[in-house]
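> Take a look and give me a structure for this.
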Amino acid sequence: MFAGQLALVISAMFTGAAFYINFAEHPARMGLPAKVAVCQWAPSYRRGFAMQASLAVIGALAAVAQWYHTGGVLWLAGGLILLANWPFTMLVIMPVNRRLLAWDDLADGEIWQLLHAWNRLHTARTGLGIAATVTLLIASMG
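So this is what the prediction gives:
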């Protein structure tokens, strides 16, 4: 049961971090001038990516380990939902990230547009975290 508890805690940590980014950090960033906002976004993104990517992988591995030992399909589902953040980030969010990281050539209006798009896309990651955490919570009760 330890792997399942670990998966649930890590999934909740991922979700909390994602929620914080969407509802506290990014809105605060949007109160800055465009060039300052994107300059703040870049190092924040790099650190957040490393943290959240690690949490997604470790949480998914723990959930899969729990599924392997118990056969509970909800453990597998929760782990796969949490891990889905990787392809979603790489395929959907990464093009926006690359443009924001190359902000030197962007006008203020385009920076704002990209930062708003980034937050909307990141909200999907928060949703995946919530779905994974709820799934793992239900698995832990069964």
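
> Quick check: the gap between Asp104 and Met30.
Distance, Asp104 to Met30, by Cβ to Cβ, to the nearest Å: 20 Å. C-beta coordinates here come from the backbone N, C-alpha and C atoms, glycine included.

> who's more crowded, those two?
Between Asp104 and Met30, counted using other Cβ atoms under 10 Å, the more crowded position is Met30 (14 against 7).

> What residues does Trp112 make contact with?
Applying Cβ atoms under 8 Å, 6 or more residues apart in numbering to Trp112 gives the contacts Ala34.

> ok, Leu137 - contacts?
Taking Cβ under 8 Å, 6+ apart, one finds Leu8 in contact with Leu137.

> Tell me the buried residues in the helix or strand it falls within?
Assigned by DSSP states H and E, Leu137 falls within helix 108-141. Across helix 108-141, burial judged by 16 or more other Cβ atoms under 10 Å covers 111, 114-115, 118-119, 121-126, 128-133, 135-136, 139-140.

> Same question for stretch 66-80.
66-67, 70, 72, 74-79.

> Gln5 contacts Ser140, correct?
Yes - between Gln5 and Ser140 a contact is recorded at 7.0 Å, counting by Cβ atoms under 8 Å.

> Okay, helices next: where are they in this structure?
2-20, 26-29, 34-70, 73-83, 85-88, 94-101, 108-141 (DSSP state H).

> In a markdown table: those, plus mean pLDDT.
Shown next, in a markdown table, are the helices of the chain (pLDDT from 0 to 100):
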| stretch | mean pLDDT |
| --- | --- |
| helix 2-20 | 97 |
| helix 26-29 | 97 |
| helix 34-70 | 96 |
| helix 73-83 | 98 |
| helix 85-88 | 95 |
| helix 94-101 | 97 |
| helix 108-141 | 97 |
